[in-house]
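Chemist: Dropping a prediction and its sequence here:
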Amino acid sequence: MATTPRTAAIVGGNRIPFARSNSRYAQASNQDMLTATLDGLVARFGLQGQQVGEVVAGAVLKHARDFNLTREAVLGSRLSASTPAYDVQQACGTGLEAAVLVANKIALGQIESGIAGGTDTTSDAPLAVNEDLRRVLIRLNSATTLGDRLKALRGLRPGQLAPEIPRNAEPRTGLAMGDHAAITAKEWEIGREEQDELTVRSHQNLAAAYDRGFFDDLVTPYLGLSRDQNLRPDSSMEKLAKLAPVFGTGDPAATMTAGNSTPLTDGASAVLLASDEWAAERGLPVLAHLVDAQTAAVDYVHGGEGLLMAPAYAVPVLLARQGLTLQDFDFYEIHEAFASTVLATMKAWEDPGFCKERLGLDAPLGAIDRSKLNVNGSSLAAGHPFAATGGRIIATLAKMLHEAGPGRRGLISICAAGGQGVVAILES
Amino acid sequence: MSDWYRDFANSGFGTTITRQLGLPRPAVLRRYEPGRPLLPGPAVLGSTGGGRLGDTLTRVLTDAGVAVLPPVVADGPTDGEKPAAVLLDATGLTSPGQLAAAYQFLAPAIKRLGTSGRVLILADPPAATDSPATAAARQALDGLIRSVGKELRDGSTANLVYVPEGAESAVASPVRFFLSGRSAYVDGQVLTLAAADVPTGEDGERPLAGKVAVVTGAARGIGAAIARVLARDAAHVVAVDVPAAGQSLAEVANEIGGTAFQLDITAADAAARLVAHLRERHGGVDVVVHNAGITRDKLLVNMDAARWNSVMAVNLQAQLDLTAALLAAEGVLRPDARIVCVSSQSGIAGNRGQTNYAASKAGIIGMVRAWAPEFAARGATINAVAPGFIVTEMTAKMPLGTREVGSRINSLQQGGLPVDVAETIAWLSQPGSAGVNGQVVRVCGQSMLGA
Ligand SMILES: NC(=O)c1ccc[n+]([C@@H]2O[C@H](COP(=O)([O-])OP(=O)(O)OC[C@H]3O[C@@H](n4cnc5c(N)ncnc54)[C@H](O)[C@@H]3O)[C@@H](O)[C@H]2O)c1
């Protein structure tokens, strides 16, 4: 087991409520949301005018003008303008990966504090110009004579005006992420009912957490929204059963609906990490430590593995390094990209064949206690603004561990586009 | 939220018109600004004879850089600098016959008083004597000062401070307050001091340095103003408001370098969470301002349980519960803590349609008075501040007529500002205000309601 000099403390977090696409945050940009989220964090922890070691954040759907998104958000925030920042992007793993990067620098003593975050908007998404038009415009721009310019313009066609809209689809397969998940769901024989059950529990857990004030120090309202817009406290099996499948619909037995899949969402989150000393000097709490993390990737194009199954591979590596079993945790946070993804991942860990052949393990990792899974709700209820999900989960889990008392452990598992996965262990 | 009428009445043309028509001429009040002298001019100091506060008052004034003038001679010369304040030491009064000295001193001085001037009388408390004649003389000052307040113009105020034997050291802080611009909208008030250990060496412009102050309902309105003023006076402010108000709460906290703590003060675990937060993040608390409040107006005959209960829960029960929890939590409420509870004029005068609100706000006064001895025993204080008509976004939405009447029926002929309430609360929060305990200070421009 690798030893690190110290582990980074999670001091706390902040996020704005997640909004449904093209709704409450339709006019807000990624930078707006990230700045507001940083400002909420600053207000919570009294960081006005202070310099933190580094702010690391990103967005999955990103405008070209946002090449320095995080730094721009820092400059617009109440943090000291001398706070350095950089962007990262690892699809839906962005937020967690950002926290791992910050935590590693803290562990190495390169920084004493840092903020990790993420933001995404599917409402204010970048539209690219049609590829043909883009070529014409480049030619026009580089033309030096009038004749050349006119020649370039002659290449214009009405059809080129249709913009390229970013799609939630894999470039290499052309399949939507949901359709990929549907393949995996079928392969692992994940039923409609168990998906709907997981979905109802997500909504109920999230609603209960809001009702008992659990999110009072994790969420700051934004643009009139004070709870996640996707949350349906009255969600029920009956209501979910009425929804028609939307993914994998080529199959008459398709199971994945708009209810048991996460909707497109807008939002942002941020987590404050630090060395224990930095937190103590400021009278700030240490909710938990980020103990270790692991990424993995699978070949979903030719390798026959499911697009969202990489966390299933990352977790055993992490467990082995930490000398832990899958059952050694008090809480599990498995990102609910789709209900079926969570269920397939857990089924894979219980499956002797998968664990032996794919993971190279002698025995399956085994089952996890479902009562410890996503106990305060997850993405199905909260929504999933891609890069913001990691920060949401880290802050939520850290607070849960803190409330449970010292020495408690939590596992985070996040699947990401491109066949990737990021997983991490937090401990109070 | 500007006072268009006041601005008009103070314009060149407006001055002519309002004079000719005999309309009220509300003044632009002198308000506190750091760095400015306590008073814009000298103070006249006099006595009804045999007073014991002359030296103390002279010292407070000279320490603050105020020139002290002898009593103004009736029908004397009218050149020279106008007094900015008139102070009367009326301690030692024993019979109504001696009151003539008060009017003889005050009349010529008040005639010369400058704009936003101050009249302040200090006397022994009526209750501190067995002699009916002495008590009568002391109580008479109450009627005198309230009438003076109503006669004064141009933003001037008149207040009375009762100083019991042994409370002389507590006089400085209230005297400074009533003379300064901090008390711009505090008029016709009667305060009774108590003997207390008053710390010396107070930092004039940063009186709350090193203090942690909680302000509930800080996301907007009067609460936001309180947070700003406490932060200006160098306190670290923990700004509390309901989670739904979190965005503006964060803006207030960031503006003043404080922290935002989202909390519904009526939640079952609110007190426990506040105590834990203060202990963990700040190691304790010095100042608590119970400002959060709601109105749910309805005539009593039409009152429903939801309106009644929610107003009681926010305005009264939460103040009781949070205060009790802070008192009970070992080591959280610092020994010299200051609690300030925001009551209301409605709690004193009553108001049609506000049985629930007025009951809750009157209840606060009962609570504060009952708790005062326990607070005094730990060197702490608990007081109530009762705002009158304060100009906020809420009052800006009132119909013009209601708003105009509401804002004019007081001696200063205008509504107060949130900062006026905030300044009074900040003053009560100062270490030097140790001798002000169990009091109700109205910030109402000497409103005619409930006076
Ligand atoms: N405005 C006036 O003229 C006036 C006059 C007399 C008294 N007051 C009193 O002054 C205080 C402030 O009044 P304002 O005019 O600024 O009102 P406001 O409505 O503008 O502000 C009150 C604040 O309290 C907060 N609050 C309400 N319930 C809460 C709860 N359960 N937990 C935490 N916070 C809560 C609100 O969210 C709001 O931000 C109140 O107590 C009010 O009764 C006001």
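Modeler: Received, thanks.
Chemist: By mean pLDDT, point me to the weakest helix or strand of the chain.
Modeler: This is for chain A. When the helices and strands of chain A are scored by mean pLDDT, DSSP states H and E, helix A:131-142 comes last with a mean of 72.
Chemist: looking at chain B here, not the other one
Modeler: For chain B, counting by mean pLDDT, DSSP H and E, that's helix B:12-21 with a mean of 73.
Chemist: which secondary structure elements does whichever helix or strand comes after that helix contact?
Modeler: Going down the chain from helix B:12-21, the next helix or strand is strand B:43-47, by DSSP states H and E. In terms of contacts (3 or more Cβ pairs under 8 Å, 6 or more residues apart in numbering or on different chains; DSSP states H and E), strand B:43-47 is packed against helix B:54-63, strand B:68-69, strand B:85-89, helix B:99-112. Placement of C-beta: from N, CA and C, glycine included.
Chemist: So for the helix or strand following the least confident helix or strand of chain A, what gets flagged as buried?
Modeler: Following helix A:131-142 in sequence order, the next helix or strand is helix A:146-153 (DSSP H and E). Residues of helix A:146-153 classed as buried under the neighbour-count rule (16 or more other Cβ atoms under 10 Å in any protein chain shown) are residue A:152.
Chemist: what's helix A:146-153 in contact with?
Modeler: With contacts defined as Cβ atoms under 8 Å, 6 or more residues apart in numbering or on different chains, helix A:146-153 is touched by A:136, A:139-140, A:143.
Chemist: Just the buried residues of the residues you listed.
Modeler: The neighbour-count criterion (16+ other Cβ under 10 Å) marks A:136, A:140 among the contacts of helix A:146-153 as buried.
Chemist: Closest to residue A:370 out of the contacts of helix A:146-153?
Modeler: residue A:136 (56.3 Å; Cβ to Cβ).
Chemist: who's in contact with the spatially closest residue to that closest one that is not a sequence neighbour?
Modeler: Distances taken as Cβ to Cβ, 6 or more residues apart in numbering or on different chains place residue A:155 nearest to residue A:136, at 4.5 Å, with adjacent residues excluded. Counting by Cβ under 8 Å, 6+ apart, residue A:155 touches A:135-136, A:139.
Chemist: Can you tell me which of the helices and strands packed on strand B:43-47 is most buried?
Modeler: Ranked by mean neighbour count, the helices and strands packed on strand B:43-47 are led by strand B:85-89 with a mean of 28 (mean count of other Cβ atoms under 10 Å in any protein chain shown).
Chemist: Which parts of chain A are helices?
Modeler: A:30-45, A:69-76, A:94-107, A:131-142, A:146-153, A:177-187, A:192-211, A:237-241, A:276-281, A:310-322, A:339-350, A:352-357, A:379-382, A:389-404 (DSSP state H).
Chemist: and among these, the most buried is which?
Modeler: helix A:379-382 (a mean of 31).
Chemist: Give the other helices and strands that that helix contacts.
Modeler: helix A:192-211.
Chemist: Okay, residue B:388 and chain A: tell me how far apart.
Modeler: Going from residue B:388 to chain A by Cβ to the nearest Cβ, to the nearest Å gives 32 Å.
Chemist: which regions of the stretch 101-250 of chain B lie under the pLDDT threshold?
Modeler: Judged by pLDDT under 70, the stretch 101-250 of chain B has its weakly predicted residues at B:201-203.
Chemist: and it, which of its residues are near chain A?
Modeler: B:236, B:243-247, B:249-250 (Cβ under 8 Å from any Cβ of the partner chain).
Chemist: Recalculate using a threshold of 10 Å.
Modeler: B:236-239, B:242-250 (Cβ under 10 Å from any Cβ of the partner chain).
Chemist: can you tell me which of the residues you listed are in strands?
Modeler: Filtering these for membership in strands, criterion DSSP state E, returns B:236-239.
Chemist: Go back to these and keep what's next to the ligand.
Modeler: Restricting those to those within reach of the ligand (Cβ under 6 Å from any ligand atom) leaves nothing.
Chemist: can you pull the buried residues of stretch A:17-27?
Modeler: Buried residues in stretch A:17-27 (16+ other Cβ under 10 Å): A:17-21, A:24-25.
Chemist: what's the answer for stretch B:256-276, then?
Modeler: Buried-residue list, stretch B:256-276, by 16+ other Cβ under 10 Å: B:256, B:258-267, B:270-271, B:273-275.
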